[in-house]
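> have a look at this prediction, sequence included:
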Amino acid sequence: MGLRKFKFKQIIAVRTDLEMSKGKIAVQVAHGAVSASERVRVTLQHVWKAWFNEGQKKVVVKVTSEEELLELRRLAVDLGVPFALIRDAGMTELPPGTTTVIAVGPGSAEKIDRVTGNLKLL
């Protein structure tokens, strides 16, 4: 039995240079996933429905710096791929406004791979 091939997915890239606790990472990933999903649900409902009905594939990957995170944002903008860049409120571990994650998609797996395809799993 082979692996299922998804046509849609969402990728969440996490900054590892911040050395966030596991709980903090989980919350930031969730924040990014929900924020980007809601953006797509409102603006590209047909894409959101297709992703949702296919199983809502999400993959968490890592980046090592804010610069790398911002480069992903630039690529997403250039390719017209929806995203949500998350900045922390600064209530616990990080200074206010620290960029922690970027959620790319949900959207076409093929297009999203052009933004995040070279990143390693967290």
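Perfect, thanks for sending it.
> could the C-alpha coordinates of stretch 30-44 be exported in PDB?
Output of stretch 30-44 as PDB, limited to C-alpha atoms (Å, rounded to 0.1, in the frame of the first residue of the first chain):
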ATOM      1  CA  ALA A  30      -1.300  26.200  15.700                       C
ATOM      2  CA  HIS A  31      -1.600  30.000  15.500                       C
ATOM      3  CA  GLY A  32       0.000  30.000  12.000                       C
ATOM      4  CA  ALA A  33      -2.100  27.000  10.800                       C
ATOM      5  CA  VAL A  34      -5.400  28.600  11.900                       C
ATOM      6  CA  SER A  35      -4.500  32.100  10.700                       C
ATOM      7  CA  ALA A  36      -3.500  31.000   7.200                       C
ATOM      8  CA  SER A  37      -6.400  28.600   7.000                       C
ATOM      9  CA  GLU A  38      -8.900  31.300   7.800                       C
ATOM     10  CA  ARG A  39      -7.400  33.600   5.300                       C
ATOM     11  CA  VAL A  40      -7.800  31.000   2.600                       C
ATOM     12  CA  ARG A  41     -11.300  30.000   3.700                       C
ATOM     13  CA  VAL A  42     -12.400  33.600   3.200                       C
ATOM     14  CA  THR A  43     -10.500  34.500   0.100                       C
ATOM     15  CA  LEU A  44     -10.200  31.200  -1.800                       C
END
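> please report phi then psi for the residue most central in space within the chain.
Nearest to the geometric centre of the chain sits residue 103, at 1.8 Å (CA atoms, centre = their mean). In terms of degrees, to the nearest 10, the main-chain angles of residue 103 are phi -100, psi 120.
> was I right about it contacting residue 11?
Yes - the pair residue 103 / residue 11 is scored as a contact, 7.3 Å apart, by CB atoms under 8 Å. The C-beta positions use only the backbone N, C-alpha and C, and glycine is treated the same way.
> could you tell me which residues touch both of those two?
Shared contacts of residue 103 and residue 11, defined by CB atoms under 8 Å, 6 or more residues apart in numbering, are absent.
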